[in-house]
Structure formats: C-alpha cells, structure tokens
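Student: Sequence and predicted model, in that order:
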Amino acid sequence: MTRHRLSRSAAYALAAAVALLPATPAAAGGDDTLPAVQPRSETAPLYDDEAGGNADADDPAIWRNPANPDRSLVVATAKEGGLRVYDLDARLVQSVPAPPGPGPDDAPGRFNNVDLVHGMKLTTGRADLAVTTDRGNDRLRVYRVDPADPARPLTDVTDPAAAPVFSADQAEINEERTAYGLATWTDKATGRSYALVSRRERTRIALLELTATASGRVGYREVRTLDLPASFRLPNGADWSPCAEPGELPQVEGMVVDPADGTLYAGQEDVGVWRLRADLTGTPRLVDKVREYGVPATYDEATDECVAGADPGYGGTRLTADVEGLTLLEEEDGDGYLLASSQGDNTFVAYDREIGDHNEYEGGFRVTATSAGPDGSEECDGAAVLNQPLGSRYPHGLLVVQDGHDAPGDGDRAATNFKFVDLGKVKDALDD
C-alpha cells in the first residue's frame, strides 16, 4: 500500500494558516432563539449494557428505494450491537450483528459510522452498498442492499482478506486507535468509489479505494493518508492544542463528501469543520471553529476532566464542541446546506453549500420534543439527510438524527436512538 503523508513542515504550515482566521468573540452557549422542529417518529431505544446487547446508537444513512420510495430504509450503527435497519416508520427490519474478535481476549466488532455507495460494479452486477467502520477490528465491513428481500435487505459482502485500516497487527488493534469516522465518495471522472476513514484519537484520515473481487466481494486498498494539525498557533503567538487524556490527539469523526466537486468536509471534534479535497491532495482549510477553540485547559487525571482557563476569544460563535454528524442537504440547482451537529449545545448548524467557494453560515435549528410523542435530540453523534421524495411519509425528504439521551429512560440504563424528521420542516426553519 502506498502512503503519502503531510511532511512535518507542511503540517506546521497548515497549522499556521489556521491562525490567520479572524478571531471572533466566543459565546457562552447555544442560541435559544433558533427555530425548533419536531420528529415525526423514533426508533426503539438501544441500551449500551450487557442486557441490551452493548448496543449504542451512533450514525445513520438513508437508502432510497428507487422502485418504491415508500419502502426506503435507514441503516444505522449500534456499536457492538452491529447494524440496525429500519423502515420509514422507524420500525426494526433487520439486525446485523458485529463480528467477534479473532481471539477470546481481543476486542469484538464495534460499528461506528456508516455510509452508502450507489451502483458499484461487482462481478454479480451493480449494487448499492452500505459501508461501515468496524472500530473493534480496525476494518471496513461492506453489505449489499437487496431491495427484493424486505425482511433481510443487507448481505455481508466483505472480502475476508481485507486488512486492518491503520494497525500493523492485532496487538495494535487492541489499543483501539482504529477506524472511526467514515464518508464514501464516487469520483465522477473515473467512476471509482472510495471510503474516507478517520483514526480514533489521532488526526489521520485515510483514502481507501473500494475494490471488487472475482468472487463478488468488496475489499479496499489504501491510496494515501493525511494528518490534520494537532496544535495551532493563536493570534497572540501562543501554541494551543485541545485538552485530552495524555497521548490522545484531536480526532475526526463526522465527515461528508459533496459529490458535485469532490469536496470533503471533516469535523475535528474539538477544533472545527475542515474543507479539503476528497482525494486528500492540496491544503485543508478550516471553515469554522468551535467556541472552545484556543481556550487553555489542563487534563486532571483525578477527575478525568479538563480544567479550562480564561477564554482568549479566538473561538467561533456557532459550534459548541464536539462537532459531529456532518451531512449534506443537496438541491438540484447546486445550492443546499452543509449541516453539522453542534453536540455541546444540542443544535444543528447550517452552512451554504457554496460549491468551490466559502461556506457562509445560513442559520440553525433544534430538534425538540413533541407534545405527545418522540422527545428531541440531545448530544447528537450522527445525522443523515436525503432531499428526495420518500413516498407518502416523507414527500419532502428526510432527516435522521441520533439522540444521545433518549427519554424516558429505563431506570438507571442510559438509552439512545434515532429520530426521523420531515425534511420539509427543516427547510422551512432554515428559510425563515
């Protein structure tokens, strides 16, 4: 596998370029004046404990059935619980278990993020694929979507010879600095499909080309990697890094690629949103920063928390760490929005799609509880949007968001799930 990494000098130059961003006053919290939208339905809760199968909702993807949009599906990750497939009423259709670890003392499979590839050419014909990062085994797993089998639409087509994405061996895999965030991308110029994968507790992103085997399976090969900065030069001349446990670097999770021009948006959780080429060439640009950017903090081992100092005022005004759940609301005329989950204040931030240009702030919204139905979304980890008609339930499209605190809970058990939101309401909120 060929590896192309940013040199040390290039990384310093990239970090220095960030310092040229204008300083903006940091806000104390989220904007309570943002419009609220309510979910139409929600999935059953997932529980991250032994009784609940160690299932923890994280990231969704929306698959549209072109022949029968009413029978479209939502594919979502549930960590050690594997994948869950839901219909448009948020009812469970299929549960796909994560694979075990190779040995009794090795970590089991743990599915973190999921995305879709449409019409990839396999030896068995073209197929839509659901691709997920298996954080537990440091691999990608790939599932063919079969619309002819409504009870079991996903079939595992992962090449059994697929190698770890980042780790050299099982001992390194067990250290859990493994495949984490994910976005898929099909290059219009070549027709080749790729997965962009981030590494847990590191700043690295890898570009992997998805490859079809002679047996109808799907593997991958590394094309190149890129390391985002871990340290930043502030306008006052000081160097700053986000606070974390010793040895941890500011990781990326939420990612999405604009298919129109191959632009990758990557959310570095405690830093902000980056814009870069999906082929990982060129220089990334930080298009917005979290409010906490530049705030000095020290990790306290006794409390497992970061103790923050005085805010120098270099952060942004829209995002509260962590940045999560990036997704793209595409419109036919090339307009649309980049949506980002501002996890720290339970809001969603919208930026102009701006193909080949800057991404201006266009507003935001909250997903809040209905009077007699689903609750809202808090500490959202993942989101997916599809601006296409999905039959009678969602004729204006669908937004699916993870809820990190599903209510009501079940005693002392923390619950998570996914909320389904009419996209028409979201567009109305952003147009107000």
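Tutor: Looks like it came in fine. Treat the numbers as computed from the prediction; the structure is a model and nothing was measured.

Student: Okay, helices next: where are they in the stretch 101-250 of the chain?
Tutor: 170-173 (DSSP state H, counting those that start in this stretch).

Student: can you pull out the strands in the stretch 301-432 of the chain?
Tutor: Using DSSP state E, counting those that start in this stretch, the strands found in the stretch 301-432 of the chain span residues 305-308, 323-330, 336-342, 347-352, 361-367, 383-386, 398-403, 415-422.

Student: count of neighbours near the spatially closest residue to residue 262 that is not a sequence neighbour?
Tutor: Excluding the flanking residues, the one nearest residue 262 by CB to CB, 6 or more residues apart in numbering is residue 278, at 4.4 Å. Where C-beta positions appear, they are placed from N, C-alpha and C, glycine not excepted. Residues contacting residue 278 under the criterion other CB atoms under 10 Å number 25.

Student: Contact partners for residue 278?
Tutor: 185, 187, 194, 196, 207, 257, 262-264 (CB atoms under 8 Å, 6 or more residues apart in numbering).

Student: Just the buried ones from these?
Tutor: 185, 194, 196, 207, 257, 262-264 (16 or more other CB atoms under 10 Å).

Student: and the residue nearest the centre of the chain, which of the three is it?
Tutor: Centroid-nearest residue in the chain: residue 254, 3.0 Å away (criterion: CA atoms, centre = their mean). Following DSSP: H, G, I helix; E, B strand; the rest coil, residue 254 is assigned to strand.

Student: same question, residue 70
Tutor: helix.

Student: Over to the one 4 residues further on?
Tutor: For residue 74, the secondary-structure state derived from three-state DSSP is strand.

Student: Just grab the bridge partners of it for me.
Tutor: residue 62, residue 86 (DSSP bridges).

Student: And residue 139, by the same measure?
Tutor: So, taking DSSP bridges as the rule, residue 139 has residue 134 as bridge partners.

Student: Surely it is in contact with residue 165?
Tutor: Yes - counting by CB atoms under 8 Å, residue 139 touches residue 165, with 6.3 Å between them.

Student: and for the two, which residues touch both?
Tutor: The contact sets of residue 139 and residue 165 overlap at residue 179 (CB under 8 Å, 6+ apart).

Student: would you list every one of the strands in the stretch 151-300 of the chain?
Tutor: Under DSSP E, counting those that start in this stretch, the stretch 151-300 of the chain gives strands at 154-156, 179-186, 193-199, 204-212, 218-227, 232-233, 239-240, 252-258, 263-268, 272-277, 285-289, 297-300.

Student: Ok, which of these comes nearest residue 392?
Tutor: strand 154-156 (24.3 Å; CB to CB).

Student: Report the buried residues of that closest one.
Tutor: residue 154.

Student: Same question for stretch 176-196.
Tutor: For stretch 176-196, by 16+ other CB under 10 Å, it's 177-186, 193-196.
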